[in-house]
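1. What follows is a predicted structure for the sequence shown.
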Amino acid sequence: MNTRILKAAVAITCVFIGHLANAESLTYSNWQQASEQWKRGYAFAVLSYQATIAYSNSPEHMRITRGYGKCAGEITDAAFVQVIDHYFIRHPDAITQPFIGAALNSLAEVCKPYLDQNSK
């Protein structure tokens, strides 16, 4: 991977994690108006966060984190942007809800096979 891209990805992830408290301020309208690069960075940050940060050391949370990690290895940030966009088509009520919820729900949907597989 190109070093510049890796540095940018790490920076975006850090910014995302640093601003998780403000995640509710992003709206669907903001998402629609954002550039493709910005959307990909946001998608990468959400995917990276779920794949690396366990909510606790409990076996269940560790299992979920491992499942997201496996899923993250199979999906690109560009593909995840499309998953998020399609989530809003299937769930129009999500347009009025905090955007981070839709992003996490769409990730859970696309990663479900990995989460289920990891539970066996």
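-> Looks like it came in fine. If you're wondering where the values come from, they're calculated on a predicted model, not measured in any experiment.

2. could you check the distance from the closest residue to residue 96 other than its chain neighbours over to residue 34?
-> Closest residue in space to residue 96, ignoring its immediate chain neighbours: residue 28 at 7.8 Å, by CB to CB, 6 or more residues apart in numbering. All C-beta spots, glycine's among them, are computed from the backbone N, C-alpha and C. Residue 28 sits 11 Å away from residue 34, going by CB to CB, to the nearest Å.

3. I figured the residue nearest to residue 96 hits residue 99, correct?
-> Yes: the criterion here is CB atoms under 8 Å, and residue 28 meets it with residue 99 at 6.1 Å.

4. quick one on the thing from earlier: and the residue nearest to residue 96, how many neighbours?
-> Around residue 28 sit 17 other residues, with neighbours defined as other CB atoms under 10 Å.

5. That one: what's it in contact with?
-> The contact partners of residue 28, taken as CB atoms under 8 Å, 6 or more residues apart in numbering, are 88, 94-96, 99, 102.

6. got a pLDDT number for residue 59?
-> On pLDDT, residue 59 comes in at 89.

7. That one: neighbouring residues, count only.
-> Using other CB under 10 Å, residue 59 is surrounded by 8 other residues.

8. where along this protein do the helices fall?
-> With helices called from DSSP state H, the chain shows them at 3-18, 28-33, 36-52, 59-72, 77-90, 99-117.

9. ok, of those, where does mean pLDDT dip lowest?
-> Of all the helices of the chain, helix 3-18 has the smallest average pLDDT, which comes to a mean of 56.

10. how much space is there between the spatially most central residue of the chain and residue 59?
-> The centroid of the chain falls nearest to residue 46 when counting by CA atoms, centre = their mean (2.8 Å). Separation of residue 46 from residue 59 (CB to CB) stands at 24 Å.
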